[in-house]
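S.K.: Take a look and give me a structure for this.
(2 chains)
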Amino acid sequence: MSKRILLACAGGFSTSMLVEKMKEEAIKRGEDVFIEACSESKITENLPADIIMLGPQMGHIEDEVKELVNNEMPVTTIDMADYGMMNGGKVLDVAFELMNNG
Amino acid sequence: MSKDADMKIKIQKFASIIQKNRYVNSISDGLASALPVILGGAIFTLIDTINIPAYQNFLESTNLKALTQIPPAITIELLSLYAVFSIAFNTAKQFKSDGFSSGIVALMSFLIVTPIGVLNDDMTMALSFQWLGATGLFVAIIIGVFIGRLVPIILERGLYIKMPKGVPPTIEKSFAALTPAFTAIFTMLLIRGVFEATPFGNVHEFIYSILQVPLTNLGSSWWAYLIIVAAMSVLWFFGIHGTIVVLSVIMPIWTSLGLENLAAFRAGEPLPHMIPGGSFFMVYTALGGTGATIGLSLVLLFAKSKRYKVLGKLAIIPGVTGINEPVMFGIPIVLNMKLLIPLIFTPLVVSVIAIIATFAGIVPPLRGIGLPLGTPLIVNGFLEGGFRVAILQAILIAVSVVMYYPFLRSLDRDALRVEGESTQSASSNSASVS
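M.R.: Residues are numbered from 1 along each chain as shown, chains lettered A, B, ... in the order given. Take a look at the predicted model:
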């Protein structure tokens, strides 16, 4: 089954930009992966996911999100520089690393 | 730097406490869920009031006017009905309980405390719109949160009348399902009865005059507005989405300010609030996002270093629609002492200019439409207040450019030097380019 990566930020706006970059990169690499963006208040409605990645501006609620999903999947905050430069490849690397180890 | 990081953790804790407070969250999510309704009404207010005689004549002569007036009336002027349901729904969901039954009980409760009148024919019962729009919003919020919390408590604790032995269990259960509604009815009747005995006459009058008016007056003052704007920038400096944290608290006040302006605009009356929070913020302050970073994005387009040039191309289009995460984290602005001054002062300076221009009557007060994030600059200004507002926005964008320019130029020079050094070390004989 293909992996599901869920990105969340305040309104799902800026994460959706990053999702596009990640999808481009995933297609290039031939990865079978489903990537989606949502606002942080809609996380539960967008489950299941194999990993939840928060925009750095939402890093302050990482613990709450972990609690929300009962630690069933890795929850991480995306690196600021990668987020700012919309570095889809790097973020995808991190996602796969965490999903494969977690 | 470690001191900054330490400070950041402390501020993050604080921000998460505010933003993740279940009640604060229920209210802001509840109001946010009602946004499509508000916006529907707002757009039709605009359609209904476009000030072109030929157009108005057309509406009148085709009887379309009778239709275009309906959406604003049943949205903005009935907003509290939508809000009370939506807030109770979201509160119950925060406590992992049944949102729908809480919502519907809350709506009933709201109507119980709202005065019902009889028309002049002494027969027709009528529910006045008086408390159903912006004026009833705080009662809607209070009842929404109260019922949204009460219903889960009753359901969880199993607080219901035990039936004698022999009564089929299903009957006991169906009676149990009535407990929340009956508790709500008794509580609300009690509130209604008590307030009818006071000079206020009803709970709406009471909450409106002792809570809503003072809070909205406070919230519409220029100094409260500037404090809010500064707080957002400070939070963003620490990498926290300051806008959403502060908005979660200020939303009830900003919503009612916007609605009151919109209702007045529709009625053709003078707009009551000079600074209708949400609209004012989107049109004048958050130019290109919190921090009024549009100027920064524009300056980036002309950067000399490769790094910032790439970022500029990436950031400009989202910037025009108010999304500035690329510059916040890409430059970065976050935790960058070199940009702290423009980050804090640019939004304050543009806001002060806009406040002065509004009070001086150079631009009209904004209509309080509250266009959604993503509406491009200038377009949103034009819809919120017409040509003069759009022109002021253009001037403020120029101010933002001037504010950010010197700071970015120095960063750009540094980046160029670093890039020059790396190419130099790669191809040992290139000349320095700084």
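
S.K.: partner residues bridging A:Ala8?
M.R.: Counting by DSSP bridges, A:Ala8 forms beta bridges with A:Cys38, A:Leu54.

S.K.: In the chain, where is pLDDT below threshold?
M.R.: By default, I'm working from chain A. Chain A contains residues with pLDDT under 70 at A:1, A:102.

S.K.: try again with chain B
M.R.: B:1-5, B:160-161, B:423-434.

S.K.: same thing but at 50, please
M.R.: In the predicted model, chain B carries pLDDT under 50 at residues B:1, B:429-434.

S.K.: Buried by neighbour count: which residues of stretch A:83-95 qualify?
M.R.: Using 16 or more other C-beta atoms under 10 Å in any protein chain shown as the burial criterion, the residues of stretch A:83-95 that qualify are A:83-88, A:90-92, A:94-95. Yep, even glycine has a C-beta here, placed from its N, CA and C like the rest.

S.K.: got the contact list for it?
M.R.: A:5, A:14, A:17-18, A:20-26, A:29, A:31, A:33, A:51, A:53, A:55-56, A:76, A:78-79, A:81-82, B:310-311, B:314, B:325-332 (C-beta atoms under 8 Å, 6 or more residues apart in numbering or on different chains).

S.K.: Just confirm yes or no for the longest helix anywhere in chain A near chain B.
M.R.: Determined from DSSP state H, the single longest helix within chain A is helix A:13-29. Yes: shown here: helix A:13-29 in contact with chain B (C-beta under 8 Å from any C-beta of the partner chain) through A:13-14, A:17.

S.K.: between those, which is closest to B:Thr346?
M.R.: Nearest to B:Thr346 among the residues of helix A:13-29 next to chain B: A:Ser14, at 19.9 Å, using C-beta to C-beta.

S.K.: That closest one: how many residues sit nearby?
M.R.: By the measure other C-beta atoms under 10 Å in any protein chain shown, the count of residues near A:Ser14 is 27.

S.K.: State the distance from it to A:Val33.
M.R.: 20 Å (C-beta to C-beta, to the nearest Å).

S.K.: circling back to that earlier point, hmm, which of the contacts of stretch A:83-95 are the buried ones?
M.R.: The buried subset of the contacts of stretch A:83-95 - by 16+ other C-beta under 10 Å - is A:5, A:14, A:17-18, A:21-23, A:25-26, A:31, A:33, A:51, A:53, A:55-56, A:76, A:78, A:82, B:311, B:314, B:325-332.

S.K.: the strands in chain A, which residues?
M.R.: Secondary structure of chain A (DSSP state E): strands at A:3-9, A:33-39, A:51-54, A:75-77.

S.K.: These: which one's closest to B:Leu371?
M.R.: When the strands of chain A are compared by C-beta to C-beta, strand A:33-39 sits nearest B:Leu371, at 17.9 Å.

S.K.: Show me the contact partners of the closest one.
M.R.: Residues outside strand A:33-39 that contact it (C-beta under 8 Å, 6+ apart) are A:2-12, A:15-16, A:18-19, A:22-23, A:26, A:45-46, A:92.

S.K.: now swap in stretch A:52-71 and tell me
M.R.: Counting contacts by C-beta under 8 Å, 6+ apart, the residues outside stretch A:52-71 that touch it are A:5-10, A:14-15, A:18, A:40, A:43-44, A:47, A:73-80, A:83, A:91, A:94-95, B:12-13, B:15-16, B:19-20, B:236, B:239-241, B:325, B:328-329, B:334.

S.K.: before we move on, what about stretch B:383-399?
M.R.: With contacts defined as C-beta under 8 Å, 6+ apart, stretch B:383-399 is touched by B:46, B:279, B:282-284, B:287-288, B:292, B:294-295, B:298, B:346, B:349-350, B:353-354, B:357, B:362-369, B:371, B:375, B:377-378, B:381-382.

S.K.: out of the strands of chain A, which comes closest to B:Asp121?
M.R.: strand A:33-39 (49.9 Å).

S.K.: circling back to that earlier point, please flag which of the buried residues of stretch A:83-95 sit within helices.
M.R.: If you go by DSSP H, these have A:83-84, A:88, A:90-92, A:94-95 in helices.

S.K.: As a check, name the ranges of all helices in the stretch 201-350 of chain B.
M.R.: Listed in chain order, the helices found in the stretch 201-350 of chain B under DSSP state H, counting those that start in this stretch are B:203-207, B:213-219, B:222-237, B:242-267, B:277-280, B:294-301, B:306-320, B:325-330, B:337-359.

S.K.: most neighbours per residue, which of those helices?
M.R.: Highest mean neighbour count of these: helix B:325-330, a mean of 28 (counted as mean count of other C-beta atoms under 10 Å in any protein chain shown).

S.K.: To what extent is A:Met73 buried, counted in neighbours?
M.R.: A:Met73: 18 neighbours (other C-beta under 10 Å).

S.K.: Now do it against chain B, distance only.
M.R.: Here the criterion is C-beta to the nearest C-beta, to the nearest Å. By it, A:Met73 lies 19 Å from chain B.

S.K.: For the most centrally placed residue in chain B, which non-adjacent residue is spatially closest?
M.R.: Taking C-alpha atoms, centre = their mean, the centroid of chain B lies closest to B:Met251, which sits 4.8 Å from it. Nearest residue to B:Met251, sequence neighbours excluded (C-beta to C-beta, 6 or more residues apart in numbering or on different chains): B:Ser28, at 4.7 Å.

S.K.: Please work out the angle formed by the directions of the host helix or strand of the one you found and helix B:242-267.
M.R.: Per DSSP states H and E: B:Ser28 is located in helix B:22-33. Per axes from the mean of the first three to the mean of the last three C-alpha atoms, to 10 degrees, the angle that helix B:22-33 makes with helix B:242-267 is 50 degrees.
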